[in-house]
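Colleague: what shape does this take:
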Amino acid sequence: MSDAASTDKPILAATSWALLGMLTYNQELSGYDLRKWIDWSLRYFYGSPAYSQIYSDLKKLERLGLVTSRVEAGTGARSRRLYKITDAGNEAATAWVNEAPVEPPTLKHNALLRVTFGHLTNPSQLRELLQEHVNYAEEMHRQAAKDAKWSKVEPAWAYAHLALQWAERYYANERELALKMIKELDEAEAVFHAAKLDDQTAPWPAREIWHEVEKQADADE
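Modeller: Alright, predicted model coming up:
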């Protein structure tokens, strides 16, 4: 059956747990079905894995005895592999949701990373970059709002609906934060320009200053 089917608490990557969780609705689903579901929901707050990762994780879940699969014949030469959760899979997913520690979210914000090193560019370039992020946030908000609205049609999706509502609010806030930063760019440029010496690049604070500021910040708490 598997290389570790009898383990009570299998060690899985987060994407594998997500796939297993989606299968707890006790429907047979293909990798394509699962990817479509991710695009409808999880992508707003957890990313969207490639098909190759989805199928790789499904194979691992099957080796562990957490899911089973069968090939459904289609028209012509077309067929698809359907996956279904096992009792062991349901038990593992339930234990994970209830007992596994929840790690803090990791924020990797490419736009903010560029702004952090804004001394290498100019306000107009940063403004354009942030406006693109505003456009992205607006589109994600629009899509999340649509999916949150239609998730209400199925009572079994009640908790997924909560997550989609959160995503809708998150991207609305993301848009507002980016717009606020655009307004603050001129002030940041003025402060930075005042630190320049004879129109040369502003010197980066010495390491000793970092430590001193850190001490002052800690003392101010």
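Colleague: find the centremost residue of the chain, please.
Modeller: What sits nearest the mean C-alpha location of the chain, by C-alpha atoms, centre = their mean, is Tyr46, with 2.6 Å.
Colleague: which SSE is the nearest residue to it once chain neighbours are set aside in?
Modeller: In space, Tyr46 comes closest to Ala18 once its chain neighbours are excluded; the distance is 6.7 Å by C-beta to C-beta, 6 or more residues apart in numbering. Just so you know, the C-beta spots here come from the backbone N, C-alpha and C atoms, and that holds for glycine as well. Taking DSSP states H and E as the criterion, Ala18 maps to helix 14-23.
Colleague: could you measure from His211 over to Lys149?
Modeller: Separation of His211 from Lys149 (C-beta to C-beta, to the nearest Å) stands at 51 Å.
Colleague: and these two? Which one has more around it.
Modeller: Lys149 (13 against 10; other C-beta atoms under 10 Å).
Colleague: next up, phi/psi of the more buried one, please.
Modeller: Backbone torsions of Lys149, given as degrees, to the nearest 10, read phi -60, psi -50.
Colleague: quick one: pLDDT of it?
Modeller: Reading off the confidence values, Lys149 has pLDDT 96.
Colleague: the one 10 residues further on now?
Modeller: What the model reports for Tyr159 is a pLDDT of 94.
Colleague: number of nearby residues for Leu66?
Modeller: Per other C-beta under 10 Å, the neighbour tally for Leu66 reads 29.
Colleague: if anything else comes up later, I'll come back, but that's it for now.
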